[in-house]
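*Asks:* Whatever this is, show me its structure:
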Amino acid sequence: MGTKSWWPAAALVLLLAGCASGGPAAFVSEDNRSISYTGDRGVSGQPFPANYRSEVLAYLRTYLNNPVGVRDGVMAEPVQRTVGGRLRYVSCLRYAARDSDGSYPPAKDRAAIYVDGRFDRLIEDAGELCAGSTYAPFPELASLTR
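*Replies:* Just a heads-up that it's a prediction; the model follows:
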């Protein structure tokens, strides 16, 4: 066996060890606390999502089957809420998107979740996350195109 033949096996062992400890972006420190390289601060220090409206519009343009003709678009300014045990900015929105048959279902509440100042995901069934939200018109939703 040559001096370099052990290197691929060692690299494979290190790669598998990284997967077992939570993936390449998360490792476990000596005191068993998870270390993440995503910069997610979790419980405090979340920056305000300055581009929240444009990020939601960009997402909906690709998420909706037919983004043309969205009706009754309203959105609340982001506020901090606890989501999955972590402090996040949440912006609630309500709209009615056209179904594939051309009809419009009633508008419903959805919650846009932001992590480290950037859009992370949309929760379809907002429930308690949007309770008491103060909505303002969001006319840009009606202007979406394919």
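*Asks:* tell me what whichever strand or helix holds residue 122 is packed against?
*Replies:* Applying DSSP states H and E as the criterion places residue 122 in strand 118-123. Contact analysis of strand 118-123 by 3 or more Cβ pairs under 8 Å, 6 or more residues apart in numbering; DSSP states H and E lists helix 52-63, strand 108-115 as its packing neighbours. All C-beta spots, glycine's among them, are computed from the backbone N, C-alpha and C.
*Asks:* partners of whichever helix or strand comes after that strand, with directions?
*Replies:* Counting by DSSP H and E, the next helix or strand C-terminal to strand 118-123 is strand 135-137. Sheet pairing for strand 135-137, assigned by DSSP bridges, gives strand 71-76 (antiparallel).
*Asks:* Residues touching the partner strand, excluding its own?
*Replies:* The contact list for strand 71-76 (Cβ atoms under 8 Å, 6 or more residues apart in numbering) reads 53, 56, 91-97, 104, 107, 130, 133-142.
*Asks:* With stretch 111-124 instead?
*Replies:* Against stretch 111-124 from outside (Cβ under 8 Å, 6+ apart): 38-41, 46-52, 55-56, 58-59, 63, 78, 83, 88-93, 108, 110, 126, 129-130.
*Asks:* Can you turn the buried subset of these into a selection I can paste into PyMOL?
*Replies:* PyMOL command restricting those to the buried ones, with burial defined by 16 or more other Cβ atoms under 10 Å:
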select buried, resi 46+49+52+55+56+78+83+88+89+90+91+92+93+110+126+129+130
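*Asks:* Quick check: neighbours of the strand holding residue 122 in the sheet, parallel or antiparallel?
*Replies:* Strand 118-123 has these strand partners (DSSP bridges): strand 108-115 (antiparallel).
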